[in-house]
Each structure stands twice: as C-alpha cells, then as structure tokens.
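In: can you look at this prediction? I've put the sequence above it.
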Amino acid sequence: MQISLEIIWNTLSLDEWEKRFSQIKRSTLLQSYPYARAMCAANHQKARWGLIVIDGKEAGLVQILEAGFLGNLFHGVILDRGPLWFDGFGSAAHIQGFFQAFNKEFPPRFGRKRRIIPEIADGPAARTLLLNCGLKHNPDIPAYQTLWWDITVPEETARAQLKQKWRNSLNKALKSNLSVQWDGEDAFYPWLREKYALDKQKRGFPGPSPKFLDNLVTFSTPENPIIIGRALINNKAIAAILMIRHGRSATYQIGWTSEEGRKNCAHHLLVWEARHILTSYGVETLDLGGVNDETAQGIKKFKHGTNAEPFILVGQYS
C-alpha cells in the first residue's frame, strides 16, 4: 500500500517535542533532547528534530546529529536508535517510507558519511527490509545489545521473575545494614563523577567519558532529570548508579561500586529499588544499557539476572 510520508524538521517547540516524546512507550536516550545537546556541546555538532507525518497523521519522531565542513562538501549525519514511533505506527511500510524520505534528504554521496543505527530488533526480515530501503550494512560493527525491564510489573511478580542467583544476592543485600539515598537534583553527581572517573582510568573499561556525563547533567531538564542512587553502610557510600529519565523510559547510564559494595551486593539493592523511584517519576520501562560478550561479561550476566527482555538491534548501516 502506497503511503505519503514526510519528515518536518525543527518546527516543534521543546515543550511540544517533549509532549510527543512522552507518548512513546520505549523511548531511547539517544533520541532524547538532553542527549543531543550533550553531544552537540562535546563534538561541535548540530541537531535536528523531526516530526514524522504519514498520510497527514503524526506518526513518530526522529532526532539526528550533523557536522559539516566547507559548505557541507564534507558532511556527517548520525541517526542513533531511531526513529521512534507512536502507537499504531512503525510497520515495515512505515519504516520503508521513512528511509525513502531520509535518503532523499541525505543521499549517499562523496564526502558524506552516514551512520544509521535503527531502533529495530535484529532478524532476517529486518535486515532485508533495510537493504531494500537502500541502506548499506556495516558487518564490522557488532550489533548493539541491551535489555528492557518493565518496571510496572507488580513487585511480587518481578521478584519471582528474577534469576535465582540474582534473587539470592538481593536477599543478602536486604538483610545487610545497607541503606539507600536517592537524588534527582544532581547533588550527588560531583562525588559520583570523581569515583567513576578514577575507576574508569584504573580499570580501562568502556563507557561514557566523564566530560560527556558533565554535558548530560548540564543539559538535563525537569522532564528528563538525572537520578542518582547510592548505597551506604555505617553512613559510608559504597556503591552508586546514575540513570536518566527520557519520557516514559529511563536508561541506566553508569554505576560504581567499592569492594565493600560488591561484598554486600549493593548494586542489586540499588537496581531493585530503582524500580520504585523511577515509577514515581512516571517511568514505565528501564533500558539497562549496553551489554556485550567481549569486554563486560560480568555486567551482562548481572543485567540478565533481572530477567529483563533482551533486545538486539539490527546493526549499523550507512
């Protein structure tokens, strides 16, 4: 069936964008306004915010980042974890229509580099669809993996769904002398940033740079706040997590723990209690963040212990 699809750029105010963004059940951090502002500040890029309209009806949102030199003779376009669709949209025909419009506006050419990571689950049909849309797959880049946790599930049900080892660790934490503090106004951020930066430097693990986190905190909004939880024992902070809300979803962005935190399973308690604090902010789903088998098997195992839904994206295209 033939559809009429257009992408209308930069006509929505921030309030109008956020109102529509909050309609999307599984919105992604990389399509959120604070993320775009943080990336623009860090990399001297420009952002565009697009309203997708199909047959005269609002169908979804898309956010891209751009960089250009010499009058855009050399031009970069980044579309990460989008587009995002409103209820009733996002079919194969809609995806095809979107990328036809995208290719018309940003056609492949000499001097233009495109990075496209569609928010589409991996599978043969999805790969074929994107190739038929004129996109070129980059097989050298591993597909992004994450887990989506439905935090609207009743606590008793969620506890029963936990993997046994994870549940045992949570019970250990609950029986310990741990307490948890939550902050939605960035008061804990300077302390956590220092701990995270030292740990990252010492262990050399992948993850966002402290500078990027600074930008993300700077450009957070009341609609998309930074939320930090830290676990204490005898009034000493021994572990912490930082999350950011984006619409009806949130993302686990970074974590830090001490040896004492590991011994007391403090992260299990923080992630478990995050369910309650996030729902108080109107969040329904928690994106537990990227996992992989090469450099962070322990983190992947920890996140899988929640029994959240694994989600593997279809890969990177150009």
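Out: Great, that's in hand.

In: what about L129, which SS state?
Out: Under the three-state scheme (DSSP: H, G, I helix; E, B strand; the rest coil), L129 adopts helix.

In: buried residues in the longest strand anywhere in the chain?
Out: As assigned by DSSP state E, the longest strand anywhere in the chain is strand 57-69. For strand 57-69, the neighbour count (16 or more other CB atoms under 10 Å) marks A59, G60, L61, V62, Q63, I64, L65, A67 as buried. In this view, the C-beta of every residue, glycine as well, is placed from N, C-alpha and C.

In: for stretch 191-206, same thing?
Out: So, applying 16+ other CB under 10 Å, buried residues of stretch 191-206: L192, R193, K195, Y196, D199, K200.

In: quick one: contacts of it?
Out: Stretch 191-206 is contacted by residues 207, 210, 213-214, 228, 230, 237, 240, 242, 254, 256, 295-296 when judged by CB atoms under 8 Å, 6 or more residues apart in numbering.

In: where neighbours are concerned, which of those residues has the most?
Out: Counting neighbours by other CB atoms under 10 Å, A240 comes out on top of the contacts of stretch 191-206 with 28 neighbours.

In: OK, contacts around S280?
Out: So S280 contacts nothing (CB under 8 Å, 6+ apart).

In: could you pull out the helices in the stretch 51-200 of the chain for me?
Out: Per DSSP state H, counting those that start in this stretch, the stretch 51-200 of the chain carries helices over the ranges 92-105, 124-132, 155-161, 164-175, 189-203.

In: CA atoms only: put the second one into PDB for me.
Out: What follows is helix 124-132 as a C-alpha-only set of coordinates in PDB (Å, rounded to 0.1, in the frame of the first residue of the first chain):
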ATOM      1  CA  PRO A 124      16.400 -11.700   8.600                       C
ATOM      2  CA  ALA A 125      13.300  -9.800   7.700                       C
ATOM      3  CA  ALA A 126      14.500  -6.600   9.300                       C
ATOM      4  CA  ARG A 127      17.900  -6.800   7.600                       C
ATOM      5  CA  THR A 128      16.300  -7.500   4.200                       C
ATOM      6  CA  LEU A 129      13.900  -4.500   4.700                       C
ATOM      7  CA  LEU A 130      16.800  -2.100   5.400                       C
ATOM      8  CA  LEU A 131      18.800  -3.300   2.500                       C
ATOM      9  CA  ASN A 132      15.700  -2.800   0.300                       C
END
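
In: before we move on, the earlier item: show me what the longest strand of the chain is packed up against.
Out: If you count contacts as 3 or more CB pairs under 8 Å, 6 or more residues apart in numbering; DSSP states H and E, strand 57-69 packs onto helix 14-21, helix 33-43, strand 46-54, strand 74-82, strand 84-85, helix 92-105.

In: repeat that with 10 Å
Out: In terms of contacts (3 or more CB pairs under 10 Å, 6 or more residues apart in numbering; DSSP states H and E), strand 57-69 is packed against strand 5-9, helix 14-21, helix 33-43, strand 46-54, strand 74-82, strand 84-85, helix 92-105, strand 112-118.

In: the fifth one vs strand 57-69, what angle?
Out: With axes from the mean of the first three to the mean of the last three CA atoms, to 10 degrees as the basis, strand 74-82 and strand 57-69 are set at 140 degrees to each other.

In: phi, psi of the closest residue to K303 other than its chain neighbours?
Out: Nearest residue to K303, sequence neighbours excluded (CB to CB, 6 or more residues apart in numbering): L288, at 4.6 Å. Dihedral angles of L288 (phi, psi; degrees, to the nearest 10) stand at phi -80, psi 0.

In: got the contact list for L288?
Out: Going by CB atoms under 10 Å, 6 or more residues apart in numbering, L288 touches 146-149, 243, 250-252, 271, 299-300, 302-304, 306, 308-311.

In: ok, then the element right after the helix or strand bottoming out on mean pLDDT in the chain?
Out: Across the helices and strands of the chain, mean pLDDT, DSSP states H and E gives its lowest value to helix 297-304, namely a mean of 86. Where DSSP states H and E defines the elements, the next helix or strand beyond helix 297-304 is strand 309-312.

In: so which elements touch that next one?
Out: Under the contact definition 3+ CB pairs under 10 Å, 6+ apart, strand 309-312 sits against strand 145-150, helix 297-304.

In: so which of the buried residues of strand 57-69 is the closest to F89?
Out: Nearest to F89 among these, counting by CB to CB, is A59 at 4.1 Å.

In: check what pLDDT that closest one gets.
Out: As predicted, A59 sits at a pLDDT of 98.

In: go on, F219?
Out: So F219 comes in at 93 (pLDDT).

In: right, and R112 touches V77 too?
Out: Yes: judged on CB atoms under 10 Å, R112 makes contact with V77 at a distance of 6.9 Å.

In: what residues are up against N138?
Out: R115, I116, I117, G315, Q316, Y317, S318 are the contacts of N138 under CB under 10 Å, 6+ apart.
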